[in-house]
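*Asks:* Sequence and predicted model, in that order:
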Amino acid sequence: MIGVVKMTQEKKKRSIPLTVLLTLVALGQLVPLIWLFDFSLAKSGDLFGSNMFILPDPPQWGNYAKAWINGKIPQYFVNSIIVNAVSIGLVAVFSVTMAYAFTRMKWKLSKPLLALVTIGIMVPIHATLLPNFLIFTRLKIADTYLGLILPYVAFGLPMGTFIMTGFMEGVPHSVEESAILDGCNTRQLIFRIIFPLVRPAIVTVIIMTYISTWNEFIMAATFVADDSLRTLPYAVYNFAGEYSADYAVQFAVMMLVALPSLLIYAFLSDRITAGVTEGALKG
Amino acid sequence: MHRVLSNKRAIFWMVFPGFAVFCFAVFIPLFYSVFLGMTDWRGYGEIHMVWAQNFSKILFHDPVFWISLKNALLLAVLTMLIQHPVALLFAYLIAKVGGKREKLFRTLFFVPCVISTVVTSRMWVAFLSPTYGLVNHFLKAVGLGFLQTDWLSNQRTAIYALIFVIMWQGFGWAMLIYYSGIKGLPKDIMEAAKVDGANRFNLLWHITLPLLRPVIVVNLTVALISSFKQMETIFLTTNGGPGNTTQFIANYLYTEAFSAQKYGYANAISVLFVVICILATVILNHSLKRDAIES
């Protein structure tokens, strides 16, 4: 007993230099962000002084007001919410139904179609930018929400289906068998029995899809030219062009665009960490 | 039982919507790309077939394409030699801290990964700016002012500055995967080794690392493939410049299409790009599977 107490004390003492080291490295890694935040509260001219960091006196919160309005943050934010909510929702539902049909149901084409969807994981999104730009423009779905939702769902599905099929392999057949014997039809089986069973995997799929679509930029910049439909990441790019001399406000725009992601991460960090590692190790 | 599980109508509605979207936005465009890649289309006017001409030009007479590939390889090598060992080391250290601090550090190191590349890329452009960036201010302050340069525009530094930015952004991912790998190691083996008198270095070198091998292999594979797929960070920092020295395939095909209006040629690059990515994935997976069986 005494030995154990001694050991934990020793462990604590030994871990102090380790904590200091990790703190320093973490700070070092976050320095660019801290710097960005610091000068987003300064006057634009302060950047050209010789100080690496300054104490903004008084903090120029007006930069954020300007960024909020001139950067059209509210509008872009709403667009981001709409596009992401629909895309993530569809990926979550489709990956469950598809994975179930591919792994548990009996039909001829299930193997080849699953293989085709899995190949999708290897296709780089950038290789579809040109053809999709041309196709979307011709079909008039460029410059609509659909022009982003369709590719986001299409690229979310392979990973989602992959994670889901992996998870379903571990789900015992007995539950659904008894449900079917009790007279469940297919719809009841999927929505009442399977969805609750695979909930942990759905969370993983939602998180993986969220991380890639919420921050997605290049498709959003390519398929949408109408300013009223732009999503949040575009605000930074847009603003950098229009107000190139107003550095402090530009920095404020960047902070505002990063803020929702940071908040979500702050509240859900455990879930996100778990989701990312599960998704990545299975992918 | 059989009737419910082979209900054709149900299967159709479960698979068709998602599969249709997938084909529409991933597969059909790829075939369209193959077709356009065989033309000399410039975005307007008639389409003329030139068949394999674009492809042979890219492979045999286009230095920029090869620079792009070389840069992807350089990024892959540096990521594996620098980012991954450091990430693995820190994953190990964080796993050792324990308690609340462990969670705190794990969370902090992953922060850059949850922020949009647009923000981090523009932030690094500012951070490395020759006129007001912190990096040059810092160098001056510590008496290394002679090292100051325009990091992202200087031909000699641009590619390394860019690679550094990409590694910074990806560090949290690599670390988190290693961390969860370490967390998943069987504790009894570690305890047994400790009881047998293994010191910390021996434990790390002879027990932890060999056990982590599958995780390391997966993580390095992902790193290699994502090196070829790099685009956003380049597009938003150097856009391939100066003089194509920091060009990557995806960014190259994008500028060829949307700036140079060479749609046919750009689509041909795009097709080769897909082929390279799929080949790399298949070959790696294949050799790794064999590797896993042998070891």
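*Replies:* All right, it came through fine. Residues are numbered from 1 along each chain as shown, chains lettered A, B, ... in the order given.

*Asks:* can you pull the buried residues of the lowest-mean-pLDDT helix or strand in chain B?
*Replies:* Of all helical and strand segments in chain B, the minimum by mean pLDDT, DSSP states H and E falls on helix B:2-5, at a mean of 79. Neighbour counts over helix B:2-5 (16 or more other CB atoms under 10 Å in any protein chain shown) mark B:4, B:5 as buried. All C-beta atoms are positioned from the backbone trio N, CA, C, and that covers glycine.

*Asks:* Helix or strand next in line after it, which one?
*Replies:* With elements assigned by DSSP states H and E, the helix or strand that comes after helix B:2-5 is helix B:8-22.

*Asks:* can you list the weak-confidence ranges in chain B?
*Replies:* The model of chain B has pLDDT under 70 over residues B:1, B:290-295.

*Asks:* how close does the residue nearest to the spatial centre of it sit to residue B:280?
*Replies:* The centroid of chain B falls nearest to residue B:226 when counting by CA atoms, centre = their mean (2.5 Å). For residue B:226, the distance to residue B:280 equals 11 Å [CB to CB, to the nearest Å].

*Asks:* Next up, the contacts around residue B:190.
*Replies:* B:203, B:207, B:208 (CB atoms under 8 Å, 6 or more residues apart in numbering or on different chains).

*Asks:* and residue B:88, how far is that from chain A?
*Replies:* 14 Å (CB to the nearest CB, to the nearest Å).

*Asks:* close enough to count as contact, that residue and residue B:220?
*Replies:* No. Shown here, residue B:88 and residue B:220 do not form a contact pair, counting by CB atoms under 8 Å, at 10.4 Å.

*Asks:* Looking at those two, which one has more neighbours?
*Replies:* residue B:88 (24 against 17; other CB atoms under 10 Å in any protein chain shown).

*Asks:* which residues touch that one?
*Replies:* B:174, B:175, B:178, B:212, B:216.

*Asks:* which residue sits closest to the third one in space, ignoring its chain neighbours?
*Replies:* With sequence-adjacent residues excluded and distances taken as CB to CB, 6 or more residues apart in numbering or on different chains, residue B:178 is closest to residue B:91, at 3.6 Å.

*Asks:* Report the contact partners of that neighbour.
*Replies:* Taking CB under 8 Å, 6+ apart, we find residue B:91 in contact with B:175, B:176, B:178, B:179, B:181, B:182.

*Asks:* Tell me the one of those residues nearest residue A:135?
*Replies:* Nearest to residue A:135 out of those is residue B:176 (CB to CB; 36.5 Å).

*Asks:* Isn't that closest one up against residue A:276?
*Replies:* Yes. Residue B:176 is within contact range of residue A:276, at 6.1 Å (criterion: CB under 8 Å).

*Asks:* Give me the common contacts of the two.
*Replies:* In contact with both residue B:176 and residue A:276: residue B:110, using CB under 8 Å, 6+ apart.

*Asks:* Now stretch A:26-44: buried residues?
*Replies:* In stretch A:26-44, counting by 16+ other CB under 10 Å, buried: A:26, A:29-33, A:35-36, A:38-42, A:44.

*Asks:* let me fix that: stretch A:156-170
*Replies:* A:156-168.

*Asks:* Using JSON lines, lay out those together with secondary structure.
*Replies:* Shown next, in JSON lines, are those (DSSP: H, G, I helix; E, B strand; the rest coil):
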{"residue": "A:156", "secondary structure": "helix"}
{"residue": "A:157", "secondary structure": "helix"}
{"residue": "A:158", "secondary structure": "helix"}
{"residue": "A:159", "secondary structure": "helix"}
{"residue": "A:160", "secondary structure": "helix"}
{"residue": "A:161", "secondary structure": "helix"}
{"residue": "A:162", "secondary structure": "helix"}
{"residue": "A:163", "secondary structure": "helix"}
{"residue": "A:164", "secondary structure": "helix"}
{"residue": "A:165", "secondary structure": "helix"}
{"residue": "A:166", "secondary structure": "helix"}
{"residue": "A:167", "secondary structure": "helix"}
{"residue": "A:168", "secondary structure": "helix"}
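
*Asks:* and those near chain B, which?
*Replies:* Of the residues in the buried residues of stretch A:156-170, proximity to chain B by CB under 8 Å from any CB of the partner chain holds for A:157, A:158, A:161.

*Asks:* of these, closest to residue B:112?
*Replies:* Residue B:112 has its nearest neighbour among these in residue A:158, at 25.5 Å by CB to CB.

*Asks:* how much space between that closest one and residue A:102?
*Replies:* Distance from residue A:158 to residue A:102, by CB to CB: 12 Å.

*Asks:* Between those two, which contacts overlap?
*Replies:* residue A:117.

*Asks:* could you point out which element follows the host helix or strand of residue A:24?
*Replies:* Assigned by DSSP H and E, residue A:24 belongs to helix A:2-40. With elements assigned by DSSP H and E, the helix or strand that comes after helix A:2-40 is helix A:62-70.

*Asks:* Between that following helix and chain B (residue level, any contact counts), is there anything?
*Replies:* No. No part of helix A:62-70 sits near chain B under the criterion CB under 8 Å from any CB; the closest distance found is 12.5 Å.

*Asks:* Which positions within that helix qualify as buried?
*Replies:* Buried residues in helix A:62-70 (16+ other CB under 10 Å): A:63, A:64, A:66, A:67, A:68, A:70.

*Asks:* Off-centre distance for that helix?
*Replies:* Here the centre of helix A:62-70 is set off from its chain's centre by 25 Å, with CA atoms, centre = their mean, to the nearest Å.

*Asks:* likewise stretch A:256-263?
*Replies:* So, by CA atoms, centre = their mean, the centroid of stretch A:256-263 is 12 Å from its chain's centroid.

*Asks:* Need the mean per-residue confidence for it.
*Replies:* For stretch A:256-263, the mean pLDDT works out to 94.

*Asks:* That stretch near chain B at all?
*Replies:* Yes. Using CB under 8 Å from any CB, we find that stretch A:256-263 touches chain B at A:257, A:258, A:261, A:262.

*Asks:* how about the residues you listed in TSV, adding distance to residue B:137 and neighbour count?
*Replies:* Formatted as TSV, the residues of stretch A:256-263 next to chain B follow (distance: CB to CB, whole Å; neighbours: other CB atoms under 10 Å in any protein chain shown):
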residue	distance to residue B:137	neighbour count
A:257	25	29
A:258	23	27
A:261	28	21
A:262	25	14
